[in-house]
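S.K.: Here is my input; please provide its structure:
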Amino acid sequence: MRDFRGKSWATDIGLALLVQAAMTMPFVVPRAPDLPPATWTAYGLTTLTVVPLVWRRRAPIAVLVAVLATSALYELAVDGPGQPLPYTGLVLVHTIASLSPRRTRLAVLALLPALITVSVWLNTRSARELSFSVFVFGAAYALGRLSDTRQRYVAEMAAARERARIAREMHDILSHAVSLMVVQAEAGPVAVRAAPERAEAAFEAISGTGREAMVQLRRMLGVLREGDDAPRVPQPGPADLPALLERVRDSGLDVSYDVTGAARALPPDLGATVYRVVQEALTNTVRHARAGSAAVRLAYGEGEVEVTVTDDGRGPAGGWNRGPAGGHGLAGIRERAAAHGGTAAHGPGPGGRGFRVAVTLPLAREVAV
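M.R.: Okay, the predicted model is just below:
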């Protein structure tokens with residue numbers, strides 16, 4: 001059986017109460033004199049038929065046996081009101097079809113015609129009831145399989161989104177670190193010849209950038225290895241931007257940082273997106289812009305936060321996409337913005353000079369003030 005530790009008992013108890021309410025109706029509506037009486041004994045056995053449903057997901061086969069036994073006892077020992085639908089049986093067949101292993105559900109499916117036939121023989125022995133029962137139980141089984149298929153599809157889509165998220169994170173970490181290290185390494189020989197006192201700082205910046213990238217990668221890969229129970233390391237956010245900008249300044253790019261509006265705490269996923277957008281935009285600047293300076297602006301509005309990164313470099317090469325064809329940086333920024341219902345734009349900077357990336361991210365209602 002699958003693991004249901006995360007499922008709530010309240011759901012199963014609520015379903016059992018709903019079934020009990022449906023099965024109570026024949027006992028409370030007025031009855032014709034020629035119909036079997038609605039006695040407390042009959043109602044008690046009806047309740048015993050429903051109670052096992054509370055454990056339907058934890059022990060479906062045991063619950064099925066219990067329901068079959070109490071239902072047979074009701075038909076054989078009590079002349080009480082009948083039910084318009086076999087509610088408990090339908091719930092169990094759906095549950096087994098949806099949640100049980102293949103061998104279990106196929107065994108139940110194979111036994112289902114015989115169980116239906118016996119039940120009809122104990123009740124009305126009519127072909128009409130037999131055909132109706134076969135139809136409704138077959139529909140319950142089919143809906144259970146459809147539910148299982150849907151749950152698997154949703155899980156696969158969630159896994160695919162998580163893989164895409166991890167790929168973006170790794171791309172951003174590696175691209176940023178390698179770009180800074182390359183720029184700093186290229187400046188190293190020049191510094192050794194022209195300003196030896198600056199060479200040591202350049203090499204220290206290279207090692208610091210590499211160590212920071214390794215720390216982030218170890219955190220990410222550690223979570224992947226250890227699974228869902230691994231402790232979650234907080235994602236970087238706006239509070240980590242000053243340290244990021246300092247590392248970029250070590251590469252020789254003069255970066256200014258400005259925050260406008262009422263700064264506030266952002267949800268972790270939104271804060272991580274703000275950080276990664278700035279990181280990727282500055283990585284593109286370092287790699288492709290030949291810029292001397294860049295400006296990062298974080299603007300908090302009433303219902304949104306806007307991230308803008310502008311540089312004074314050579315501007316878009318051949319239109320709106322800077323960098324080599326097929327690059328993933330700007331596409332990743334657009335995907336991150338879209339994941340939060342936001343927008344991303346990029347193109348020439350003010351006056352047609354340099355390059356500008358602007359991302360607008362809506363704030364959740366409870367976050368905005």
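S.K.: in this structure, which helix or strand is least confident?
M.R.: One helix or strand of the chain scores below all others by mean pLDDT, DSSP states H and E: helix 196-226, with a mean of 65.
S.K.: Following the chain past it, name the next helix or strand.
M.R.: Per DSSP states H and E, the first helix or strand lying C-terminal to helix 196-226 is helix 241-249.
S.K.: I'd like the mean pLDDT over that following helix, please.
M.R.: Mean pLDDT, helix 241-249: 87.
S.K.: Was I right to think residue 9 contacts residue 54?
M.R.: Yes - when contacts are counted by CB atoms under 8 Å, residue 9 is listed as touching residue 54 (7.3 Å). C-beta: built from backbone N, CA, C; applies to glycine.
S.K.: Have a look at these two and say which one is more surrounded.
M.R.: Ranked by neighbour count (other CB atoms under 10 Å), residue 9 and residue 54 place residue 54 first, with 17 against 12.
S.K.: pretty sure the more buried one is touching residue 12, no?
M.R.: Yes - at 5.0 Å, residue 54 and residue 12 qualify as touching, with contact defined as CB under 8 Å.
S.K.: Span of stretch 117-133 from start to end?
M.R.: 9 Å (CA to CA, to the nearest Å).
S.K.: who touches it?
M.R.: 71-72, 75-76, 82, 86, 89, 116 (CB atoms under 8 Å, 6 or more residues apart in numbering).
S.K.: Over to stretch 58-72?
M.R.: 1, 4, 45, 48-49, 52-53, 55-56, 88-89, 92, 95-96, 99-100, 104, 108, 115, 119, 122.
S.K.: Buried subset of those as a PyMOL selection?
M.R.: Filtering the contacts of stretch 58-72 down to the buried ones (16 or more other CB atoms under 10 Å) takes a single PyMOL command:
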select buried, resi 45+48+49+52+53+56+88+89+92+95+96+99+100+108+115+119
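S.K.: So which of the contacts of stretch 58-72 are in helices?
M.R.: 45, 48-49, 88-89, 92, 95-96, 99, 104, 108, 115, 119, 122 (DSSP state H).
S.K.: what are the ranges of the strands in the chain?
M.R.: For the chain, the strands defined by DSSP state E occupy 254-260, 293-300, 304-311, 343-348, 355-362.
S.K.: got TSV for those strands, with mean pLDDT too?
M.R.: Below are these laid out as TSV (pLDDT from 0 to 100):
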stretch	mean pLDDT
strand 254-260	92
strand 293-300	93
strand 304-311	94
strand 343-348	90
strand 355-362	93
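S.K.: Adding distance to residue 210 and mean neighbour count, write these out as JSON lines.
M.R.: As requested, the strands of the chain are exported to JSON lines (distance: least, CB to CB, whole Å; neighbours: other CB atoms under 10 Å):
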{"stretch": "strand 254-260", "distance to residue 210": "20", "mean neighbour count": "14"}
{"stretch": "strand 293-300", "distance to residue 210": "22", "mean neighbour count": "19"}
{"stretch": "strand 304-311", "distance to residue 210": "24", "mean neighbour count": "23"}
{"stretch": "strand 343-348", "distance to residue 210": "29", "mean neighbour count": "16"}
{"stretch": "strand 355-362", "distance to residue 210": "26", "mean neighbour count": "21"}
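S.K.: which one of these lies closest to residue 238?
M.R.: Among these, the nearest to residue 238 by CB to CB is strand 293-300 (6.4 Å).
S.K.: So what's the gap between that closest one and the chain middle?
M.R.: Mean-position distance between strand 293-300 and its chain equals 31 Å (CA atoms, centre = their mean, to the nearest Å).
S.K.: That one vs strand 254-260, what angle?
M.R.: Relative orientation of strand 293-300 versus strand 254-260 (axes from the mean of the first three to the mean of the last three CA atoms, to 10 degrees): 10 degrees.
S.K.: the inter-axis angle of strand 293-300 versus strand 304-311?
M.R.: Going by the same axes, to 10 degrees, strand 293-300 makes 170 degrees with strand 304-311.
S.K.: and strand 293-300, which strands flank it?
M.R.: Sheet pairing for strand 293-300, assigned by DSSP bridges, gives strand 254-260 (parallel), strand 304-311 (antiparallel).
S.K.: which one of the ones in helices among the contacts of stretch 58-72 is nearest residue 34?
M.R.: Using CB to CB, the ones in helices among the contacts of stretch 58-72 come closest to residue 34 at residue 122, 20.5 Å.
S.K.: So residue 340 versus residue 333, what's the distance?
M.R.: 12 Å (CB to CB, to the nearest Å).
S.K.: Repeat that for residue 48.
M.R.: Distance from residue 48 to residue 333, counting by CB to CB: 61 Å.
S.K.: now do residue 282
M.R.: Distance of residue 282 to residue 333, given as CB to CB: 12 Å.
S.K.: got it, and residue 261?
M.R.: Distance from residue 261 to residue 333, by CB to CB: 21 Å.
S.K.: Look at these two and report which has more neighbours.
M.R.: Shown here are residue 261 and residue 333; by other CB under 10 Å, residue 333 has more neighbours (28 against 13).
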